[in-house]
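>>> turn this into a model:
(chains A and B)
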Amino acid sequence: MLKTVSSIVNALGALNYKGTWNASINNPALASGAGTKGDYYVVSVAGTTTLDGISNWGVGDWATYNGSVWQRVEGGADLNGVNLSVSGTTTLSGLTASTDLALDAGKNVVSVGNPTFSAYGNAAQTLTAGVYTKAILNAKDYDTASCFDSTTNYRFTPTVAGYYQLNLKLSVASTTSITTYIADFRKNGSGATNGRAIQQNGSFGTFALFNANNIMYFDGVGDYCEIWVYLDGVGTLTISSNDKNTTFFQGSMIRRA
Amino acid sequence: MMNIREKLLALYPELQNFDFSAGVITLENASDGKGDYIAEWSHPTLSKPTEAQLKGF
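Purely as a prediction, here's the structure:
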């Protein structure tokens, strides 16, 4: 019985180069679970043709048939894997990403899609003594992801779930005297439990400048935060403004959910 | 014209300023043009006034 050289080689388990394969249009046509043991093709055109569950074909990869299924052997200049696990020292000469975290050319971690904003009021806001009042923050210094509403609700509604550092600096004034000032971070309408700055039943003259900070979780789909202010005293009470250095509400993501 | 807290203090002279900051009676203004309102009334003995009572001042 005559045998071809190829069949003998295949029987020994050697590889048999069959030519190039276009993984985009599956040419020549390869099918899952069908082939000759040892045959292999080199991908000439990247594509997503599925062979035995594999669909990430890059130029230079090998499609090899082991007698049962087609397998992918990484080849070519570009890594074309799905998951990568690295142990030990890793040296990267260049890294870019289309997702939310990347390294820049200076090897610094760069957060790409993390909402960050700074808002302030562009006019003084008069408050009724003893009334919790939402701060009108109708101007923005920056708002990287357009998550701060400075026109209607004066609130921060981040679109990415995670933990955010929130900073508030507030300058308040009275034509006569201030006796109490309170500022709340109100999450979804709820008040003091989400962070508060308070000075109460004192005598603070005609001007007070105070800060409040908080780390708050947002679900990225609707959670929001507003600033509500309570003033008491004598005379006309106002949130001073038109000075983004002394009255502002800022936030920035510090950790993803 | 009296503001809402002044009206409440006139109606209930026993109220203290502290009552309005400590959550016993919470007055709010949402900065939406609708003005000041009673958001929460948790006073143990005094009842929440009606709109008519407040308009009477």
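>>> show me where chain A dips below the pLDDT cut-off.
Counting by pLDDT under 70, chain A shows low-confidence ranges at A:1-12, A:95, A:97-102, A:110-112, A:192-194, A:242.
>>> interface residues of it facing chain B?
A:125, A:127-136, A:154, A:179-180, A:182, A:192, A:200-201, A:228, A:230, A:232 (CB under 8 Å from any CB of the partner chain). Placement of C-beta: from N, CA and C, glycine included.
>>> which of those fall in strands?
A:125, A:127, A:132, A:133, A:134, A:179, A:180, A:182, A:228, A:230, A:232 (DSSP state E).
>>> hey, what's the fourth one bridged with?
When bridges are taken as DSSP bridges, the partners of residue A:133 come out as residue A:229, residue B:29.
>>> now that we have the residues of chain A next to chain B, which of them are buried?
Buried by 16 or more other CB atoms under 10 Å in any protein chain shown: A:125, A:127-136, A:154, A:179-180, A:182, A:228, A:230, A:232, out of these.
>>> how about the longest helix along chain B, does it reach chain A?
Using DSSP state H, we find that the single longest helix of chain B is helix B:4-11. Yes. For helix B:4-11 and chain A, the contact criterion (CB under 8 Å from any CB) is met by B:4, B:5.
>>> name the helices or strands packed onto that helix?
Packing partners of helix B:4-11 (3 or more CB pairs under 8 Å, 6 or more residues apart in numbering or on different chains; DSSP states H and E): strand B:25-29, helix B:51-55.
>>> check what pLDDT the residue lying farthest from the centre of chain B gets.
Distance from the centre of chain B peaks at residue B:32, with 18.4 Å (CA atoms, centre = their mean). With respect to pLDDT, residue B:32 scores 95.
>>> and residue B:23, by the same measure?
For residue B:23, the pLDDT comes out at 84.
>>> I figured it hits residue B:40, correct?
Yes. Residue B:23 is in contact with residue B:40 according to CB atoms under 8 Å; the separation is 7.0 Å.
>>> can you report how many residues neighbour residue A:211?
10 (other CB atoms under 10 Å in any protein chain shown).
>>> now it: how far from residue A:167?
7 Å (CB to CB, to the nearest Å).
>>> let me see the contact set for residue 14.
I'll assume chain A. Taking CB atoms under 8 Å, 6 or more residues apart in numbering or on different chains, we find residue A:14 in contact with residue A:38.
>>> that's the other chain; I wanted chain B
Counted by CB under 8 Å, 6+ apart, residue B:14 has contacts residue B:46.
>>> equivalent analysis for the one 5 residues further on, please.
With CB under 8 Å, 6+ apart as the criterion, the residues that contact residue B:19 are B:25, B:43.
>>> and residue B:57, how far from chain A?
Residue B:57 is 14 Å from chain A, where distance means CB to the nearest CB, to the nearest Å.
>>> relative to chain A, how far out is the residue lying closest to that residue once chain neighbours are set aside?
Spatial nearest neighbour of residue B:57, chain neighbours left out: residue B:7 (4.6 Å); criterion: CB to CB, 6 or more residues apart in numbering or on different chains. According to CB to the nearest CB, residue B:7 and chain A sit 11 Å apart.
>>> for residue B:7, what are its contacts?
B:49, B:54, B:57.
>>> cool, and residue A:225?
So residue A:225 contacts A:155, A:156, A:166, A:185, A:186, A:187, A:194, A:216, A:218, A:251 (CB under 8 Å, 6+ apart).
>>> same thing but at 10 Å, please
Going by CB atoms under 10 Å, 6 or more residues apart in numbering or on different chains, residue A:225 touches A:148, A:155-158, A:164, A:166, A:184-189, A:194-195, A:214, A:216, A:218, A:249, A:251.
>>> ChimeraX command to pick out the buried ones of those?
Selecting only the buried entries of these in ChimeraX, with 16+ other CB under 10 Å as the criterion:
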select /A:148,155,156,157,158,164,166,184,185,186,187,194,195,214,216,218,249,251
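>>> rewinding a little: any of the contacts of residue B:7 buried? List them.
Listed as buried from the contacts of residue B:7 are residue B:49; burial here means 16+ other CB under 10 Å.
>>> need the least confident one among the helices and strands packed on helix B:4-11, by mean pLDDT.
Taking the mean pLDDT of the helices and strands packed on helix B:4-11, helix B:51-55 comes last: a mean of 90.
>>> check which residues of stretch B:16-31 are buried.
For stretch B:16-31, a neighbour-count test (16+ other CB under 10 Å) marks B:17, B:19, B:20, B:21, B:24, B:25, B:26, B:27, B:28, B:29, B:30, B:31 as buried.
>>> quick check: end-to-end length of that stretch?
25 Å (CA to CA, to the nearest Å).
>>> check stretch B:30-41 too.
Criterion CA to CA; first-to-last residue distance in stretch B:30-41 is 17 Å.
>>> alright, I will stop here.
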